[in-house]
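Chemist: Just a sequence and a predicted model for now, questions to come.
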Amino acid sequence: MNISIHIPIAFSVTLLLGPCVFAQSSSQGEGVVTLGGEVVDSACGLELSSLDQTVEMPAEPVGRLLRNTRGETHPFQLRLVNCTLSRPDPSRPGGTLPDWQHMRVTFDGPTDRSGRSFAVFGGSQGVALHIVDSAGEESVPGERMAPRPLSEGSMTLDYTLSLIGNGLPLIVGPHSAAVRFKLEYF
């Protein structure tokens, strides 16, 4: 069984500037200008190779899943770069806001195992995707993981993926999953 995990990124928003702006010219040629977007305040950048990741998991023997109820672990990383703890205050030139101190990750996507793991889709059955961080904390879809202290410069967040039994009969076949993540700084 192979699993391909696509992990897109979403940053948390700590500063939003207004909703979308629509402007329409007078009757001269008739047109519409649409502007949209958001301004975010972030302590770190995300290394480009961490933005969209595909983790190819090799075939997992059914026997191992039956014996261990869990497949082999496969590492992946989120690498934060150019982290700066100080925060200028955009409303007061020369002023500052309290320094960034912590960050928190939330993984989200379709759920399995009563919301405790991520669903996989495809021809296989009987497995779900499970994410664990380097401290052993299990990620629950849509729930924030424990805060981590921020440090200047670069940080690497280490995680592992594994298949885990979901209580349904095992059926062999290909599958895939999509998991999003969000980084929050505070």
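Modeler: On my side now, so go ahead.
Chemist: okay, CA-based contacts and neighbour counts for the rest of this
Modeler: OK.
Chemist: residue boundaries of the helices in the protein?
Modeler: With helices called from DSSP state H, the chain shows them at 48-51, 62-68.
Chemist: Columns mean pLDDT and distance to His130 on top of those, output as a markdown table?
Modeler: Output for the helices of the chain, formatted as a markdown table (pLDDT from 0 to 100; distance: least, C-alpha to C-alpha, whole Å):
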| stretch | mean pLDDT | distance to His130 |
| --- | --- | --- |
| helix 48-51 | 79 | 19 |
| helix 62-68 | 89 | 13 |
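Chemist: who touches the longest strand seen in the chain?
Modeler: Identified as the longest strand of the chain according to DSSP state E is strand 153-165. With C-alpha atoms under 8 Å, 6 or more residues apart in numbering as the contact definition, strand 153-165 has outside contacts at 65, 69-84, 126-134.
Chemist: now with 7 Å?
Modeler: When contacts are defined by C-alpha atoms under 7 Å, 6 or more residues apart in numbering, strand 153-165 is touched by residues 69-84, 126-134.
Chemist: List only buried entries from those.
Modeler: 70-72, 76, 78-81, 83-84, 126-133 (16 or more other C-alpha atoms under 10 Å).
Chemist: what does the model give Cys20 for pLDDT?
Modeler: Cys20 is assigned a pLDDT of 35 by the prediction.
Chemist: Start at 22, not 1
Modeler: With the count now opening at 22, the last piece we talked about shows up as Cys41.
Chemist: any low-confidence regions in the chain?
Modeler: Residues of the chain meeting the criterion pLDDT under 70: 22-61.
Chemist: So what's the residue count around Gly163?
Modeler: Using other C-alpha atoms under 10 Å, Gly163 is surrounded by 18 other residues.
Chemist: shouldn't it be in contact with Asp129?
Modeler: Yes. With contact defined as C-alpha atoms under 7 Å, Gly163 counts as touching Asp129 (4.6 Å).
Chemist: Any idea how far stretch 189-202 is from the middle of the chain?
Modeler: Relative to its chain's centre, stretch 189-202 lies at 18 Å (C-alpha atoms, centre = their mean, to the nearest Å).
Chemist: Straight-line length of that stretch, end to end?
Modeler: One end of stretch 189-202 sits 27 Å from the other (C-alpha to C-alpha, to the nearest Å).
Chemist: for that stretch, which positions count as buried?
Modeler: Per 16+ other C-alpha under 10 Å, stretch 189-202 contains these buried residues: 193, 195-202.
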